[in-house]
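Peer 1: Predicted model and sequence follow; I will ask about them next.
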Amino acid sequence: MKKAPERGLKGILSRVYKLLEGYFGDLKWWPADSDFEVVVGAVLTQNTAWRNVVVAIEGLKKHGLMDPVKIHRERTIRLSKIIRSSGYHRLKSIRLKAVCAFLLDKCGGDLKKMRKEEQHALRDEILSVKGVGPETADSILLYAFHKPVFVVDAYTRRIFYRHGLIREKASYGEIQTLVHENFPKDTKALNQFHALLVETCKKFCKKRKLLCGECPLGVLK
């Protein structure tokens with residue numbers, strides 16, 4: 001499918017958003033009891049299904065570890081066992097401890113203090129933490145620090161490509177810029193848009209099975 005003309009991108013993204021919100025309603029993302037839990041979830045959800053992350057988070061809560069200080073102090077081998085369900089648990093335990101060390105160094109673990117920081121500078125700081133890539137950093141920025149940034153993931157890439165909005169090998173930055181330049185720079189709207197795209201892929205725009213006839217975006221074909 002050919003790439004959509006730039007002059008029409010604002011209208012297309014607006015229509016995509018309205019069609020999906022009309023179908024799914026307010027998805028109220030990210031499901032978490034605290035901003036720190038969002039950070040934990042953002043790290044654990046790398047390369048795994050969310051249901052596996054939920055099990056890991058429940059394990060951390062059960063052991064009284066949903067706290068940056070406690071995770072930072074916990075032995076890596078024990079922490080990895082608790083988050084085993086999230087996959088790559090040894091590596092993720094190291095990354096989780098690194099993120100907690102960063103938060104403790106920056107704000108003593110009080111995430112509210114970091115919300116006042118300038119978005120781009122804060123993003124660079126988060127990206128400097130070993131093991132944290134753009135998707136994880138932006139998830140933390142949007143859902144934990146409430147910054148107006150669009151999170152690009154495999155679901156976003158799949159829908160945008162199938163509807164001709166991007167080229168197949170578009171970079172993370174290119175896709176994010178496309179949204180930032182053609183969609184309201186509003187935290188709540190960006191939050192909802194990302195959530196809508198994820199749910200659409202899970203329900204209709206699957207990796208190997210397309211249910212375009214049932215999808216709210218079917219009218220765009």
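Peer 2: Structure's in. What do you need? Numbering: from 1, shown residues only.
Peer 1: Helix or strand: which one has the spatially most central residue of the chain?
Peer 2: Taking Cα atoms, centre = their mean, the centroid of the chain lies closest to residue 139, which sits 3.8 Å from it. Residue 139 belongs to helix 134-139 when assigned by DSSP states H and E.
Peer 1: can you tell me which residues contact the residue nearest to the centre of the chain?
Peer 2: By Cβ atoms under 8 Å, 6 or more residues apart in numbering, residue 139 lies in contact with 30, 38, 42, 45, 151. (C-beta placed from N, C-alpha, C; glycine too.)
Peer 1: at 6 Å instead, please
Peer 2: Shown in contact with residue 139 (Cβ atoms under 6 Å, 6 or more residues apart in numbering): 42, 151.
Peer 1: Please name the nearest non-neighbouring residue to residue 220.
Peer 2: Of all residues not flanking residue 220 in the chain, residue 163 sits nearest, at 6.0 Å (Cβ to Cβ, 6 or more residues apart in numbering).
Peer 1: Looking at that neighbour now. What's its pLDDT?
Peer 2: On the pLDDT scale, residue 163 is placed at 93.
Peer 1: Pull up the gap between it and residue 157, please.
Peer 2: Residue 163 sits 11 Å away from residue 157, taking Cβ to Cβ, to the nearest Å as the criterion.
Peer 1: by contact count, what packs against the lengthiest helix in the chain?
Peer 2: Taking DSSP state H as the criterion, the chain has its longest helix at helix 89-107. Under the contact criterion of 3 or more Cβ pairs under 6 Å, 6 or more residues apart in numbering; DSSP states H and E, helix 89-107 touches helix 35-44, helix 68-73, helix 76-82.
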